[in-house]
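Asker: Whatever this is, show me its structure:
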Amino acid sequence: MTYAIVFIVYILAMLAIGLFFANKNENMSDYILGGRSLNVWVASLSAQASDMSGWLLTGLPGLAYLSANGSQEAIWTAIGLAVGTYLNWLVVAKRLRQYTEISGNALTMPDYFEHRFKDTSRILRIVTALFILIFFLVYTSSAFVTGAKLFQTVFGLSYRTGLLVGAAIVVIYTCSGGFKAVCWTDLFQGIMMFFAIIIIPVTVVRMFGGLDTTMETVNAMHPGSFDIIPNGTNISWFVVVTGLGWGLGYFGQPHILARFMAIRSSKEVRPARIIAMVWVIVSLACAIMVGIVGVAYFTTPLAAGAHETIFMELSKQLFHPIIAGVLLSAILAATMSTCDSQLLVTASAISEDVYKAFIKPTATDKELINISRITVVVVAVIAIFIALDPNSSIFGLVSYAWAGFGAAFGPTILLSLYWRRMTRKGAIVGIIAGGATVIVWIMLKSVGGIFQIYEIVPGFIISVIVIVIVSLMDEEPSKEITDEFDSLKTTHI
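Answerer: From the prediction side, this is the model:
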């Protein structure tokens with residue numbers, strides 16, 4: 001009953017934020033990008049909260065809990081994510097914020113690509129929107145799986161009932177408040193996630209009398225758990241390459257890039273980067289520690305397939321129901337912070353990049369906002385069907401979608417921002433090549449060998465090669481395109 005009260009209070013607070021912003025969306029710029037008005041704290045914590053999602057408190061600790069190869073893979077994944085976060089803020093954030101405003105005041109990624117390359121054929125826009133829809137369906141379903149497992153573990157609901165409850169909560173406040181509601185709730189949810197992920201490992205370490213004692217206990221139970229350097233026996237270079245490959249995904253995540261586009265000024269990117277890096281490094285380290293201390297705490301291993309509930313089980317056993325309820329609410333916060341962002345980006349891709357571009361160019365902002373809200377509901381329903389399998393792996397679904405976005409859009413984003421010679425055809429073929437490689441590579445995983453490498457790595461490399469070759473074979477960009485590119489040197493937006 002105590003858990004239920006805490007959850008209800010939290011959910012009502014998030015819905016209140018959505019309703020508060022419901023009447024503040026005067027146009028599509030407000031609904032999609034919040035009028036480009038995010039301050040440093042909201043932009044940074046919203047970006048990271050929407051980035052990490054429920055898998056920070058479920059999938060990553062669960063991977064570390066599996067010990068041995070699990071903890072090694074988790075550690076290298078965390079390293080890749082930390083490096084990728086830093087490079088994304090350093091290399092992409094400021095320039096993307098400037099370029100999207102200079103180039104037609106682009107509101108979405110497809111919109112940016114079309115204006116950047118002056119694509120009158122609209123092919124680039126529709127290809128981008130299509131891949132956003134495909135991979136966000138998988139990504140959103142992973143968030144719904146997290147919510148379902150949370151309600152199942154905490155309240156004893158059936159998996160499907162928990163799935164529907166979690167999805168309904170996210171859809172209601174995403175539809176009502178738009179981007180500002182999403183970002184402000186992400187701010188509070190990011191803070192909750194940060195403190196929740198710290199409290200559990202600190203508590204268990206103190207119970208065991210210190211960090212050294214805890215680590216000795218884990219290593220005694222699973223020798224070699226902390227050997228992260230490839231040695232040809234229990235850890236291979238595939239683990240390292242796969243883990244670091246996660247960092248490549250950041251450059252192509254639409255829901256994260258939207259925060260860069262929405263920050264108040266490019267001058268505020270640097271302080272936002274510092275806040276984001278502190279949050280990310282501490283959160284990732286503690287997420288891994290949750291899994292590791294879970295090995296020491298539970299002398300009897302969790303049931304098969306229950307490793308992704310390690311955070312939930314520790315919360316319930318270590319703390320008073322009120323505190324545990326708050327910690328468990330952090331999982332819902334993590335789930336909502338990513339799911340709402342994904343739904344909003346998908347909705348904007350359909351309303352702006354399909355409906356307005358191809359169906360009704362004269363559509364009013366009010367009409368487009370309504371189309372966006374309808375899209376949120378439809379996409380959520382499809383994602384629910386994808387998530388119906390109670391044995392779905394949160395980590396597996398996230399890794400698939402992460403690779404798809406990273407390989408399809410990452411190279412195109414980077415080269416479009418820094419390579420003057422890149423062309424429209426190069427962008428189109430690069431997006432298709434990267435996204436298709438990920439899909440095909442996953443199908444070949446059962447073959448083994450080199451196909452065990454994380455699919456984002458070959459997808460990213462192939463996309464870069466294709467973009468460069470096709471662009472060099474194509475005619476040089478027009479003077480209008482190159483002049484706009486050169487104007488970035490003097491902009492102060």
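Asker: T108 contacts K356, doesn't it?
Answerer: No. If you go by Cβ atoms under 8 Å, T108 and K356 don't touch, sitting 10.5 Å apart. Quick note: C-beta positions are derived from backbone N, CA and C, even for glycine.
Asker: Of these two, give the one with the bigger neighbour count.
Answerer: T108 (26 against 20; other Cβ atoms under 10 Å).
Asker: Quick one: residues contacting that one.
Answerer: I32, P254, A258, V345, S348, A349, E352, D353 (Cβ atoms under 8 Å, 6 or more residues apart in numbering).
Asker: Where helices are concerned, which of these count?
Answerer: Residues of these located in helices (DSSP state H): I32, P254, A258, V345, S348, A349.
Asker: Now pLDDT and neighbour count too, for the residues you listed, in a markdown table please.
Answerer: Compiled in a markdown table, the ones in helices among the contacts of T108 are given as follows (pLDDT from 0 to 100; neighbours: other Cβ atoms under 10 Å):
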| residue | pLDDT | neighbour count |
| --- | --- | --- |
| I32 | 54 | 27 |
| P254 | 86 | 26 |
| A258 | 84 | 28 |
| V345 | 73 | 25 |
| S348 | 74 | 29 |
| A349 | 74 | 29 |
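Asker: Nearest to W89 among these?
Answerer: Of all those, A258 has the smallest distance to W89: 14.1 Å, by Cβ to Cβ.
Asker: For the closest one, which non-adjacent residue is spatially closest?
Answerer: V345 (6.0 Å; Cβ to Cβ, 6 or more residues apart in numbering).
Asker: The one you found against M261, yeah?
Answerer: No. At 10.9 Å, V345 does not count as touching M261 under the criterion of Cβ under 8 Å.
Asker: would you turn the contacts of T108 into CSV with distance to L248?
Answerer: As requested, these are arranged in CSV below (distance: Cβ to Cβ, whole Å):
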residue, distance to L248
I32, 26
P254, 15
A258, 19
V345, 19
S348, 24
A349, 22
E352, 27
D353, 24
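Asker: all strands of the stretch 351-493 of the chain, in order?
Answerer: Remark: no strands are assigned in the stretch 351-493 of the chain by DSSP state E, counting those that start in this stretch.
Asker: Now tell me which helix or strand of the protein has the poorest mean pLDDT.
Answerer: helix 28-33 (a mean of 54; mean pLDDT, DSSP states H and E).
Asker: Now do stretch 422-430: distance to the chain's middle.
Answerer: 25 Å (Cα atoms, centre = their mean, to the nearest Å).
Asker: no no, stretch 113-123
Answerer: For stretch 113-123, the distance to the chain centre is 26 Å (Cα atoms, centre = their mean).
Asker: got the buried residues for that stretch?
Answerer: F113, E114, H115, R116, F117, D119 (16 or more other Cβ atoms under 10 Å).
Asker: got it, and stretch 2-11?
Answerer: For stretch 2-11, using 16+ other Cβ under 10 Å, the buried residues are Y3, V6, F7, Y10, I11.
Asker: can you list those in CSV and add pLDDT?
Answerer: CSV is the format used below for the buried residues of stretch 2-11 (pLDDT from 0 to 100):
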residue, pLDDT
Y3, 70
V6, 79
F7, 74
Y10, 76
I11, 73
